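Peer 1: Quick one, fold the following:
(chains A, B and C)
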Amino acid sequence: MGTPKNKLAEVLDKHEQQIAKGWLERQASTMRRLSGAEQQEVTRQSREFLKTVKTAAQGNGAGDISAPAWNPVRDFLTDFSAARAKGGYSSSETASFIFSMKQPLFEALRQELLHDPETLATETWRATELLDSLGLLTTEAFQKTREDVISRQQHELLELSTPVVQLWDGILALPLIGTLDSARTQVVMQNLLDAIVKTRSDFAIIDITGVPVVDTLVAQHLLKTVAAARLMGAECMISGIRPQIAQTIIHLGVDLSDVITKATLADAFALTLRRAGFKMVREQKERAAEN
Amino acid sequence: MERIPILKMGDYLLITIQVDMHDRLAITLQEDLTDQIVKHRSHGVLIDISALEMVDSFIGRMLGSIASMARLLDAETVVVGMQPAVAITLVELGLSMTGVRTALDVEKGMLVLRTALSKARRNGAPRAEV
Amino acid sequence: MLRVLKSESFPIRASEDVVIVRQAVRIQAVSLGFGLVDQTKLVTASSELARNTLDYGGGGAAQIEVIQNDQRSGLRVVFEDQGPGIPDIDQALSDGFTSGGGLGLGLGGAKRLSHEFEISSKPGAGTRVSILRWK
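Peer 2: Now for the predicted structure:
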């Protein structure tokens, strides 16, 4: 439409090779040394990106990058940043993909608008704004991928830190270490119930020796876990109740009357064995005379 | 009209709920079940909900009602096969299923029924000899 | 910035519709990638509220929306009826399931199963309940 609006598109088209070359050189200078394969990939990405930006600019000028014409560009950058984040590149290395395009682009604009300083100034400003917003987008996408990775790792850590142990046929133990918050409780419940199904267990002992603080919320979480196990037909006991914990529970007015509690895991285990119908017999071994 | 089939297993009745329950179906089930308990003089009811991917307060109340009705007719009830996700959600929902026995599966459910019945017998509840 | 990416409306006129709403919520939750427990919570909460809409609201509609804000996506379900309304919302929210026959038995439960919960209701002007669960 109006020529000034699409000056950028025109320049990107006319000077594409020159911009690409200059851009790749600047990228190389701002990044660490790349392997041959990595370099090839960057070259391919850069050329593809340049084409995508050109097409978008032809459709919409250097306007609002949230417009539909710029969707392919945004999608490209989102995928690109995610790949860089996962690939161990730094935030700067990722953003410099965009920012190192500035100088070759301005150079091309200058050549094109040598005799029209006012338009040159306007177009340079437009180009700066465009690249700045694309750069910000890249950084945000990078951040998000990093956060997703961290959150996934946290979840995996959570899963690993709540193991369910089979003490005997039909008897499970769940030694809890650390705090029991709402998120952890969900994982604990899932692990425990899945284990009950898998092992067809009738008893589960939740040992809280390693839980430093038992307040009303923690007590609620424990009671929920007990209730859930019960719905699966398994009876839950809580062991590892330290004297201070016992005092706290009473002072808080938490009602644990519905749950069997034992001071130690050993006591709880012995009780479940009895209830499961097992009987422990210690055999007296004949001692051969030593001399 | 669709009905939930009720199977006779010796002294027990087995109901397997596999469809999304709606009101009429629930009422029909309760009517059929009470009929069958009396007809076969059953003393135990097993409700298999292993196919249910959700239990809301309506279904929870239905299970509770069935257990109460059965008890009036001298039969004990066990709900078996609750899926872990359903159990976790029920607990979060706050629906207390007190008054409803639960077991992991039909096999364990029958064990629970046998125990419950022999206990009732010992306590002198009127019961026909099996 | 909160965006509604997708929105589907379902009438609630008969008990079969409650089942339809449940299934639609399940399908949407699965396609959004919610884990099994999260799916179940969404479906169960929706079932409670759909029943309320039918039993106490005289029928109405459910709107299932896919929501997106800057960091995450979520599923929102809005239940609306033109029924008699709830005179005492606080009381309805605290009603236990065992206080049989009381209004809004599902409200407190639905709230507990959701990340976000909103309710507006005026006697004579209907009720609108919205639940949301983030991924």
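
Peer 1: Quick one: find the helix or strand in chain C with the lowest mean pLDDT.
Peer 2: helix C:89-94 (a mean of 80; mean pLDDT, DSSP states H and E).

Peer 1: Pull the distance from the helix or strand following that one to the chain's centre.
Peer 2: Using DSSP states H and E, the helix or strand that follows helix C:89-94 in sequence is helix C:105-112. Its chain's average C-alpha position is 9 Å from that of helix C:105-112, according to Cα atoms, centre = their mean, to the nearest Å.

Peer 1: And the next helix or strand past the lengthiest helix in chain C?
Peer 2: Determined from DSSP state H, the single longest helix within chain C is helix C:36-55. For helix C:36-55, the following helix or strand on the C-terminal side (DSSP H and E) is strand C:60-68.

Peer 1: Which strands and helices lie in contact with the least confident helix or strand of chain C?
Peer 2: Contact here means 3 or more Cβ pairs under 8 Å, 6 or more residues apart in numbering or on different chains; DSSP states H and E; on that basis helix C:89-94 packs against helix C:105-112, strand C:116-121. C-betas here are computed from N, CA, C, even on glycine.

Peer 1: which parts of it are buried?
Peer 2: Across helix C:89-94, burial judged by 16 or more other Cβ atoms under 10 Å in any protein chain shown covers C:Ile89, C:Ala92, C:Leu93.

Peer 1: Just the closest of the residues you listed to C:Asp38, please.
Peer 2: Comparing the buried residues of helix C:89-94 against C:Asp38 with Cβ to Cβ places C:Leu93 closest, at 22.2 Å.

Peer 1: need the residues of chain B near chain A, please.
Peer 2: B:80, B:82, B:84, B:87-88, B:90-92, B:97, B:102-105, B:108-109, B:112 (Cβ under 8 Å from any Cβ of the partner chain).

Peer 1: Write out the residues of chain C neighbouring chain B.
Peer 2: The interface of chain C toward chain B, taken as Cβ under 8 Å from any Cβ, is made up of C:15-16, C:18-19, C:22-23, C:26, C:36-37, C:39-41, C:43-44, C:47-48, C:51, C:96-98, C:105-106, C:108-109, C:112-113.

Peer 1: I'd like to know which of these are buried.
Peer 2: Buried, going by 16+ other Cβ under 10 Å: C:15, C:18-19, C:22, C:26, C:36-37, C:39-41, C:43-44, C:47-48, C:51, C:97, C:105-106, C:108-109, C:112-113, out of these.

Peer 1: show me which of those residues neighbour chain A.
Peer 2: When contact is defined as Cβ under 8 Å from any Cβ, these meet chain A at C:Val37.

Peer 1: can you list the helices and strands packed on helix C:89-94 in CSV and add distance to A:Gln39?
Peer 2: Shown next, in CSV, are the helices and strands packed on helix C:89-94 (distance: least, Cβ to Cβ, whole Å):
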stretch, distance to A:Gln39
helix C:105-112, 55
strand C:116-121, 48
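
Peer 1: that older thread, what angle sits between the longest helix of chain C and strand C:60-68?
Peer 2: Going by axes from the mean of the first three to the mean of the last three Cα atoms, to 10 degrees, helix C:36-55 is angled at 150 degrees with respect to strand C:60-68.

Peer 1: how far is helix C:36-55 from where the chain is centred?
Peer 2: Relative to its parent chain, helix C:36-55 has a centroid offset of 6 Å by Cα atoms, centre = their mean.

Peer 1: hang on, the earlier thing: could the helices and strands packed on helix C:89-94 go into TSV alongside distance to C:Gln71 and mean pLDDT?
Peer 2: Output for the helices and strands packed on helix C:89-94, formatted as TSV (distance: least, Cβ to Cβ, whole Å; pLDDT from 0 to 100):
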stretch	distance to C:Gln71	mean pLDDT
helix C:105-112	23	85
strand C:116-121	15	94
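
Peer 1: What parts of chain B come near chain C?
Peer 2: Proximity of chain B to chain C, by Cβ under 8 Å from any Cβ, involves residues B:20, B:22-24, B:53-58, B:60-61, B:84-86, B:88-90, B:92-96.

Peer 1: Cross those residues against helices and list the overlap.
Peer 2: Within the residues of chain B next to chain C, residues falling in helices by DSSP H are B:23-24, B:57-58, B:60-61, B:84-86, B:88-90, B:92-93.

Peer 1: which one of those residues sits closest to chain A?
Peer 2: Closest approach to chain A among these (Cβ to the nearest Cβ): B:Pro84, at 3.6 Å.

Peer 1: how near is the nearest residue to the closest one once chain neighbours are set aside to C:Asp17?
Peer 2: Closest residue in space to B:Pro84, ignoring its immediate chain neighbours: A:Leu193 at 3.6 Å, by Cβ to Cβ, 6 or more residues apart in numbering or on different chains. A:Leu193 sits 32 Å away from C:Asp17 when distances are taken as Cβ to Cβ, to the nearest Å.

Peer 1: Compare the two and say which is more crowded by neighbours.
Peer 2: A:Leu193 (26 against 20; other Cβ atoms under 10 Å in any protein chain shown).

Peer 1: I'd like a version of the ones in helices among the residues of chain B next to chain C in a markdown table, one that adds pLDDT and neighbour count as further columns.
Peer 2: What follows is those, written out as a markdown table (pLDDT from 0 to 100; neighbours: other Cβ atoms under 10 Å in any protein chain shown):
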| residue | pLDDT | neighbour count |
| --- | --- | --- |
| B:Asp23 | 78 | 16 |
| B:Arg24 | 83 | 12 |
| B:Ser57 | 88 | 20 |
| B:Phe58 | 88 | 20 |
| B:Gly60 | 90 | 19 |
| B:Arg61 | 88 | 17 |
| B:Pro84 | 97 | 23 |
| B:Ala85 | 97 | 23 |
| B:Val86 | 96 | 27 |
| B:Ile88 | 96 | 27 |
| B:Thr89 | 95 | 28 |
| B:Leu90 | 93 | 25 |
| B:Glu92 | 91 | 22 |
| B:Leu93 | 90 | 24 |
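
Peer 1: need the residues of chain C near chain A, please.
Peer 2: Those residues of chain C that sit near chain A, judged by Cβ under 8 Å from any Cβ, are C:Val37, C:Gln71.

Peer 1: Quick check, the residue in chain C closest to chain A?
Peer 2: Nearest residue of chain C to chain A: C:Val37, at 6.5 Å (Cβ to the nearest Cβ).

Peer 1: contacting residues for that residue?
Peer 2: A:Gln186, A:Gln190, B:Pro84, B:Ala85, B:Ile88, B:Thr89 (Cβ atoms under 8 Å, 6 or more residues apart in numbering or on different chains).

Peer 1: now, which of those residues sits nearest B:Ala70?
Peer 2: Nearest to B:Ala70 among these: B:Thr89, at 25.2 Å, using Cβ to Cβ.

Peer 1: Leaving out sequence neighbours, find the closest residue to that closest one.
Peer 2: Spatially, and ignoring its direct neighbours in sequence, B:Thr89 is nearest to C:Thr40 (4.6 Å; Cβ to Cβ, 6+ apart).

Peer 1: Pull the contacting residues for the one you found.
Peer 2: Taking Cβ under 8 Å, 6+ apart, we find C:Thr40 in contact with B:Glu53, B:Met54, B:Ala85, B:Val86, B:Ile88, B:Thr89.
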